[in-house]
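Colleague: coords below, sequence missing:
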Ligand SMILES: Nc1ncnc2c1ncn2[C@@H]1O[C@H](COP(=O)(O)OP(=O)(O)OP(=O)(O)O)[C@@H](O)[C@H]1O
């Protein structure tokens, strides 16, 4: 809060860099503090505006600057997402900020999505360069990536890093308090069996101290108990809800974190699983991968890359591999998926839509994707 004091003194605000892992309360606390600040400002008759922008999905300074301009403009004056000279976008931004006037705090949440320094560079120099003359400007950058600030160019770093605030992960006791407050709002007295909150908090603390995860787990446990018409949410519900939550994390991770070739490798293994042909040797997975890639009109990568992808999938706990001895070239690896094939296929929705549904898994998917055909077969002996 001290870092925000200059605003109340009518001085130029400090730039603040807030960082910590996901779900540790950075956004919630920043929102709370900026609300408090707004109230103090109106009490002292200070003209303060807070502009909050999520940088999620905005990969460049250019896109974020457009978002900022549009945040201030009416719906019929919005800038389109592309096609403007960069300087024009910044000119439009300075114009909007000056028109707003007073003290402006720009909160850039998930700032680590922006891959270049330009916006921060521009904002930190806007006043000294006389780009803005009618307002005082401060930036609050919020980052999940602990190394983001270190990667900025030195000038921007020292400007943005005037004040840094680190949010450590929550420990189990803190998470328990967070959950208790939620539970007071969301559950009736006695609806939670003893130990339920502690268990959710313990899982949350183990999973990197993320309040969002602990809250999701409590909510899912409640949903499960309600669906079963249970009198109370019990530790057993939490244990089972955790499995669901973890599965959903895997499903999301497949779609969001894997490259198309990694997804195709997993798809190959999923089709083999559906044909009860797993554990499968690397060469068998490669063969199926090649067939899928060809059917989709993609250039297949080498066998060696597939081996690397399978190792990567194992490190993400999606696939497990086992070394077997023997064979013509000595030892060899066999692979299998460690999750339900239906769940894995849900994570692969995008790639299924792009390349089509292989015959072996039509029973497992609820849609018939686009690609070159709705379903296809790779047309070879499938169980070898
Ligand atoms: N101290 C707290 N008390 C109550 N709820 C909290 C607390 N800290 C976090 N939460 C809740 O946990 C969730 C995640 O918090 P928040 O969005 O602030 O995290 P974050 O650090 O900004 O992470 P991310 O960048 O992933 O959003 C939100 O629903 C928030 O309301």
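Modeller: Happy to help now that I have it. Small disclaimer: the values here were computed from a predicted structure and weren't measured.
Colleague: counting contacts, what elements does the helix ranked longest in the chain pack onto?
Modeller: When the chain is scanned for its longest helix (criterion: DSSP state H), the result is helix 235-257. Judged by 3 or more C-beta pairs under 8 Å, 6 or more residues apart in numbering; DSSP states H and E, helix 235-257 is in contact with helix 196-206, helix 211-227, helix 341-347. C-beta here means a position set from N, CA and C on the backbone, and glycine is covered the same way.
Colleague: what angle sits between the first one and helix 235-257?
Modeller: Using axes from the mean of the first three to the mean of the last three C-alpha atoms, to 10 degrees, one finds that helix 196-206 and helix 235-257 are set 30 degrees apart in direction.
Colleague: helix 196-206 near the ligand at all?
Modeller: No - Helix 196-206 lies out of reach of the ligand by C-beta under 6 Å from any ligand atom, never closer than 9.8 Å.
Colleague: that helix versus helix 211-227: what angle between them?
Modeller: Angle, helix 196-206 to helix 211-227, by the same axes, to 10 degrees: 140 degrees.
Colleague: buried ones in helix 196-206?
Modeller: For helix 196-206, the neighbour count (16 or more other C-beta atoms under 10 Å) marks 196-205 as buried.
Colleague: next: the last one.
Modeller: Of all the residues in helix 341-347, those buried under the rule 16+ other C-beta under 10 Å are 341, 343-347.
Colleague: which SS class is the residue in the stretch 51-200 of the chain that the ligand sits nearest to?
Modeller: The minimum distance from the stretch 51-200 of the chain to the ligand, using C-beta to the nearest ligand atom, falls at residue 178 (4.2 Å). Secondary structure assignment for residue 178 (DSSP: H, G, I helix; E, B strand; the rest coil): helix.
Colleague: next up, the contacts around the residue in the stretch 201-350 of the chain that the ligand sits nearest to.
Modeller: Nearest to the ligand, among the residues of the stretch 201-350 of the chain, is residue 211, at 3.5 Å (C-beta to the nearest ligand atom). Residues in contact with residue 211 (C-beta atoms under 8 Å, 6 or more residues apart in numbering) are 23-25, 170, 175, 178, 204.
Colleague: need the residues of the stretch 151-300 of the chain near the ligand, please.
Modeller: 178, 181, 211-212, 215.
Colleague: report the two of these separated the most.
Modeller: 181 and 212 (14.4 Å; C-beta to C-beta).
Colleague: neighbour-wise, which of these two wins?
Modeller: residue 212 (15 against 10; other C-beta atoms under 10 Å).
Colleague: skipping adjacent residues, who's closest to that one in space?
Modeller: Leaving out its chain neighbours, the residue that sits closest to residue 212 by C-beta to C-beta, 6 or more residues apart in numbering is residue 23, at 3.8 Å.
Colleague: swap in residue 31?
Modeller: residue 52 (7.6 Å).
Colleague: name the SS class of the one you found, please.
Modeller: strand.
Colleague: now do it: how many residues are near it, please.
Modeller: 16.
Colleague: do the same with residue 309
Modeller: 25.
Colleague: and residue 330, by the same measure?
Modeller: Neighbours around residue 330, by other C-beta under 10 Å: 7.
Colleague: would you say it is within a helix?
Modeller: No - the assignment for residue 330, made by three-state DSSP, is coil rather than a helix.
Colleague: distance of it relative to residue 322?
Modeller: Counting by C-beta to C-beta, to the nearest Å, the gap from residue 330 to residue 322 is 15 Å.
Colleague: before we move on, what about residue 270?
Modeller: Counting by C-beta to C-beta, the gap from residue 270 to residue 322 is 18 Å.
Colleague: compare the two (neighbour count), which wins?
Modeller: A direct count of neighbours by other C-beta under 10 Å for residue 270 and residue 322 places residue 270 higher, at 26 against 11.
Colleague: show me what the helix or strand that that one is a member of is packed against.
Modeller: Using DSSP states H and E, residue 270 sits within helix 260-274. Applying 3+ C-beta pairs under 8 Å, 6+ apart, we find helix 260-274 packed against helix 282-295, helix 303-315, strand 332-337, helix 341-347, helix 349-355.
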